[in-house]
Every structure is written in structure tokens, then in C-alpha cells.
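Enquirer: Pasting the sequence and the predicted model now:
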Amino acid sequence: MKTCTAEAVSQTAAGASHDSRRTWLTIALCFAVAILEGIDFQAPGIAAKGMGIAFGLDKLQMGWVFSAGILGLLPGALVGGWLADRIGRKGVLIASVALFGIFSIATAHAWDLYSLMGARLLTGIGLGAALPNLIALCSEAAGARLRGTAVSLMYCGVPLGAALAAMIGIVGFFDDWTVPFYVGGVLPLLVVPLLALWLPESAAFKARKSAANQEPQVPVVDGLFRNGAALPTLLLWLAYFFTLMVVYMLISWLPSLLVGQGFSGVQASWVVFTLQIGATVGTLMLGVLMNTLRPLAIAALIYGGLLAALAALGIVESFVGMLFAGFAAGVFATGGQGVLYALAPLFYRTEVRATGVGTAVAVGRLGAMSGPLVAGKMLALGTGTAGVMIASAPGLVVAGIAVFYLFVRSRKQSV
């Protein structure tokens, strides 16, 4: 009897160790893909100056180039999440990474405004399809208790990747606009074989798939809008829309805004670099705090801090002051975005989780697409940097209220 008990304990420990290895391998590989996404997200902003000169683009046309890539994120997130809930997270992620790698390289070979917009659109589709799968894989690998922490760890790769893209500008490639797109294209294609060999498929997805013949399928509409899911879904959409509007306005326009304020290209790259380092710190810090602070405190911290950082970006004149403002904007803008990505999976069951996250991300992309366009139009009208920053304030207040309620709801569900 003692021998059998010892063997059972040994087998349980071995199984737990195996599960732990699978979890950390999943998070590590998804983190690597998140770094690549960050490089591609930031590349147009870093390349904007050289790209504008090469194609003779004005500010409004640059806004369309930025928004073409963001527009692709919307169908990518919807289709990528939907497919992942039906054929698996791993295969869809691999195809998505290959897609954004190929068309990032194609961006560097564009010959006019329309081919440039087309390449960015298709890059965006790949990027958009990847993100719901990264979130679903990490949240399901970690389990309910560590879901928020796992997603935050993975997502901090995005600002790290964007910081690497900013370094391309800092070390002297600022005027060669093609370099960020080559980097953002070759590296994903090198990672694709590693994902195929080593990335485990979600155990929760495989278990649900094996039971699909015995249990009725949950329609997508039911999973997103019925049995108490409608209000969280709509509030997630609001929070994603307004938060991502500001995040992508900063990613796309901040380097150009800083150059317009009199800073050099290298100084602008340093500010973007500090913004992305702040984003990395904020993603990790807020990912921990979201499990400890009261709902009102975490919502006020994220959106109050973001409003203050945007105000500083509009009025600070010194380079050092702008570095601090950029760091703070990264902490609260991208860090807050990371909190939203960790929050969304809590409200959806396994069979609709990637779809639920994908639809929220897609709605967020509408905000992300509108941000650069609105900023470009306002700048064309002569409102200046301060006017662009002030215009985002009402939406951030709405997002803060939505996030407060979602945290209250999530705490009640866990009790």
C-alpha cells in the first residue's frame, strides 16, 4: 500500500512538473511573438519621417498609412479569434506570424502610397489575428489563478519589441525608413519553425474539442451576449475602444509630434524608447496591482495617470521633462492596455474565449484606427500637440468608468 501511494505521489509530481514546463514554454514562445508584434507596431512611427520624404506624403496621408495597418487589425482579430475556437490556437498563431512577417518585408518594397497602404493592411491582418491567440494560449496554459499574471508577462513583450524598434532610430537608421520593416519581417519568419516544433496546443482547447461530440456547442451570440455576458462585453468594448485610441495615437504620431516641437529625430526616438520601457514596467506593475488594489483605485490609477501624462506631453518643453512624460505615458497607456487584455478572458468560457477576446480587440482596433486619423486631421487644422492630447480626455473618463465596473464584476465572480 505504501509503495502504491509513493508511486501515485511520484506520478502526480511528475505530471505537475510537466504541466509547469508546458506553461512556461507557452508563455516564453508567446512572449517572443509579442516582441515581434511590438517591433511591427512601432515600425511605421519610427519610419514616418523617411517614409514621408520618400513618397512625398503630407500629415493626412501619413495618417492614412498608419490607419491602414490598424484597419487590418480589426478583421484579423475577429477572424483569428473565431478560427482559433474552431481549429486550434497554435495553427492560427503560426499562420498569423508568417503573414505579418511577409508583408512587413513587402512594406519596404512599396512603390507608391497605395501599395504602401496595401502592405500595411495585410501586415495588420496578421498582427490582429495573432493577439487573441497569444492571450488565449497564455490564459489557458496558466489556469484561472494565474491567468492575469501570465497574460501580463506575455504582453510586456509588445512594448519591449517597440523599444527595440525605437533603438533602430537611436543608433542611426532613422532616415533609412526600410530598416524597421526588414527587421520586423525577417525575425517573425525565423520564429515560425520554432513555434511549429515547440509550441504546445492549448490543453483546455483540446479537452473541449474532444468533448464536442458529447456536449452541445455554445453559439457565439450566447457566449458573448446572454446569460449575464452582455454588459461585460459592451463595457469591454468601450474600454478597449478609447484606451487603444490613445495608445495608437501615441505609437503612430509621437515621433512626428516631437520633431514638430523642435526635437531632433534621435531625441524623438529616445522619448519613444522611454515610452516603451515605461510600457513594459507598467504592464508588469499594473498586472500585479490589478489583483491587489480595489477596483476604484486601479481604474483611477490607470486613467488618472494617463490623463496627467498626456497633459505633460502637450506642455513640457525640455528634453529631460519629455523623457519623463513619455515614460509615464507608457506606464499608463500600454500598461492599462495590458490590464484590459488580462481582464477580458475572465468573462468568457473556453469555447468562446478567443472569439470574445478577439471581438473586444477588434472593437479596440476601431478606436486604434480612429486615433491616428483624428490626430492627423487636428494637426492639419493647426491645433498642435496640446489640442490632440486634450481631445482624448472624455473618452478616457468613459473607459475608466467601464474598467471600474468590470473589476467589480470580476471580483464578485471569483467569490
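Expert: It's in.

Enquirer: What residues sit buried inside stretch 201-209?
Expert: E201, S202, A204, F205, R208, K209 (16 or more other Cβ atoms under 10 Å). In short, each C-beta sits where N, CA and C put it, glycine included.

Enquirer: which secondary structure element contains the fifth one?
Expert: Secondary structure assigned from DSSP states H and E places R208 in helix 203-210.

Enquirer: related to what we said a few turns ago, nearest to V191, out of the buried residues of stretch 201-209: which one, please.
Expert: Distance to V191, by Cβ to Cβ, is smallest for E201 among those, at 17.1 Å.

Enquirer: Tally up the residues packed near the residue nearest to I168 when sequence neighbours are not counted, please.
Expert: In this structure, I168 finds its nearest non-sequential neighbour in P180, 5.3 Å apart by Cβ to Cβ, 6 or more residues apart in numbering. Neighbour count of P180, defined by other Cβ atoms under 10 Å: 29.

Enquirer: Which secondary structure state does P180 sit in?
Expert: helix (DSSP: H, G, I helix; E, B strand; the rest coil).

Enquirer: tell me what the strand or helix carrying V186 is packed against?
Expert: For V186, the element it lies in under DSSP H and E is helix 179-198. Judged by 3 or more Cβ pairs under 8 Å, 6 or more residues apart in numbering; DSSP states H and E, helix 179-198 is in contact with helix 2-55, helix 89-108, helix 157-168.

Enquirer: And the average pLDDT for the next helix-or-strand element following the first one is what?
Expert: On the C-terminal side of helix 2-55, the closest following helix or strand by DSSP H and E is helix 59-87. Mean per-residue pLDDT for helix 59-87: 84.

Enquirer: any idea of the angle helix 59-87 forms with helix 89-108?
Expert: Here the directions of helix 59-87 and helix 89-108 differ by 160 degrees (axes from the mean of the first three to the mean of the last three Cα atoms, to 10 degrees).

Enquirer: Using TSV, please lay out the helices and strands packed on helix 179-198 together with distance to V281 and mean neighbour count.
Expert: As requested, the helices and strands packed on helix 179-198 are exported to TSV (distance: least, Cβ to Cβ, whole Å; neighbours: other Cβ atoms under 10 Å):
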stretch	distance to V281	mean neighbour count
helix 2-55	14	18
helix 89-108	26	23
helix 157-168	9	25
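
Enquirer: how about those helices, which one is nearest T123?
Expert: Once the helices and strands packed on helix 179-198 are compared by Cβ to Cβ, helix 89-108 is nearest, at 4.2 Å.

Enquirer: for the closest one, the distance to its chain's centre please.
Expert: 16 Å (Cα atoms, centre = their mean, to the nearest Å).

Enquirer: Can you name every helix or strand that it contacts?
Expert: helix 2-55, helix 59-87, helix 113-155, helix 179-198.

Enquirer: and those as TSV, adding distance to L275?
Expert: TSV is the format used below for the helices and strands packed on helix 89-108 (distance: least, Cβ to Cβ, whole Å):
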stretch	distance to L275
helix 2-55	10
helix 59-87	16
helix 113-155	16
helix 179-198	16
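
Enquirer: among those helices, which is nearest L250?
Expert: Across the helices and strands packed on helix 89-108, closest to L250 is helix 2-55 (Cβ to Cβ), at 8.6 Å.

Enquirer: neighbours of W237, just the number please.
Expert: Counted with other Cβ under 10 Å, W237 comes out at 19.

Enquirer: Contacts only, for it.
Expert: T359, A360, V363, G364 (Cβ atoms under 8 Å, 6 or more residues apart in numbering).

Enquirer: Just the ones of those in strands?
Expert: In strands, judged by DSSP state E, none of the contacts of W237 are found.

Enquirer: returning to what we had before: doesn't M167 make contact with the residue nearest to I168?
Expert: No - using Cβ atoms under 8 Å, P180 is not in contact with M167, being 10.2 Å away.

Enquirer: Please report the distance of D176 from G50.
Expert: To G50, D176 is 6 Å away according to Cβ to Cβ, to the nearest Å.

Enquirer: Run a quick neighbour tally on the nearest residue to L121 once chain neighbours are set aside.
Expert: In space, and not counting its chain neighbours, L121 is closest to G72: 4.3 Å by Cβ to Cβ, 6+ apart. By other Cβ under 10 Å, the residues close to G72 number 28.

Enquirer: any idea how far G72 lies from L343?
Expert: From G72 to L343 the distance is 24 Å (Cβ to Cβ).

Enquirer: likewise V388?
Expert: 27 Å.

Enquirer: Same question for V191.
Expert: Applying Cβ to Cβ, the value for V191 to L343 is 27 Å.

Enquirer: Those two: who's more crowded?
Expert: L343 (23 against 20).

Enquirer: Which residues are in contact with the more buried one?
Expert: G148, L236, M290, V403, L406, F407, S410.

Enquirer: quick check, nearest of those to A95?
Expert: L236 (25.8 Å).

Enquirer: so for whatever helix or strand the closest one lives in, what's the average pLDDT?
Expert: According to DSSP H and E, L236 maps onto helix 230-260. Model confidence over helix 230-260 averages 83 on the pLDDT scale.

Enquirer: moving C-terminal of that helix, what's the next helix or strand?
Expert: Assigned by DSSP H and E, the successor of helix 230-260 is helix 265-289.

Enquirer: How far away from the center of its chain is stretch 94-114?
Expert: Taking mean C-alpha positions (Cα atoms, centre = their mean), stretch 94-114 and its chain are 19 Å apart.

Enquirer: Report the backbone C-alpha coordinates of it in PDB.
Expert: Extracted C-alpha coordinates of stretch 94-114, given in PDB (Å, rounded to 0.1, in the frame of the first residue of the first chain):
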ATOM      1  CA  ILE A  94       1.700  30.300 -36.800                       C
ATOM      2  CA  ALA A  95      -0.200  31.400 -39.900                       C
ATOM      3  CA  SER A  96      -0.600  34.900 -38.400                       C
ATOM      4  CA  VAL A  97       3.100  35.300 -37.600                       C
ATOM      5  CA  ALA A  98       4.100  34.200 -41.100                       C
ATOM      6  CA  LEU A  99       1.600  36.700 -42.600                       C
ATOM      7  CA  PHE A 100       2.800  39.700 -40.800                       C
ATOM      8  CA  GLY A 101       6.400  38.800 -41.400                       C
ATOM      9  CA  ILE A 102       5.900  38.500 -45.200                       C
ATOM     10  CA  PHE A 103       4.000  41.800 -45.500                       C
ATOM     11  CA  SER A 104       6.300  43.700 -43.300                       C
ATOM     12  CA  ILE A 105       9.100  42.900 -45.800                       C
ATOM     13  CA  ALA A 106       6.600  43.800 -48.600                       C
ATOM     14  CA  THR A 107       6.200  47.300 -46.900                       C
ATOM     15  CA  ALA A 108       9.900  48.000 -47.600                       C
ATOM     16  CA  HIS A 109       9.300  47.300 -51.300                       C
ATOM     17  CA  ALA A 110       6.200  49.500 -51.700                       C
ATOM     18  CA  TRP A 111       6.400  51.800 -54.800                       C
ATOM     19  CA  ASP A 112       3.600  54.300 -54.100                       C
ATOM     20  CA  LEU A 113       1.000  55.400 -51.400                       C
ATOM     21  CA  TYR A 114      -1.500  52.700 -52.400                       C
END
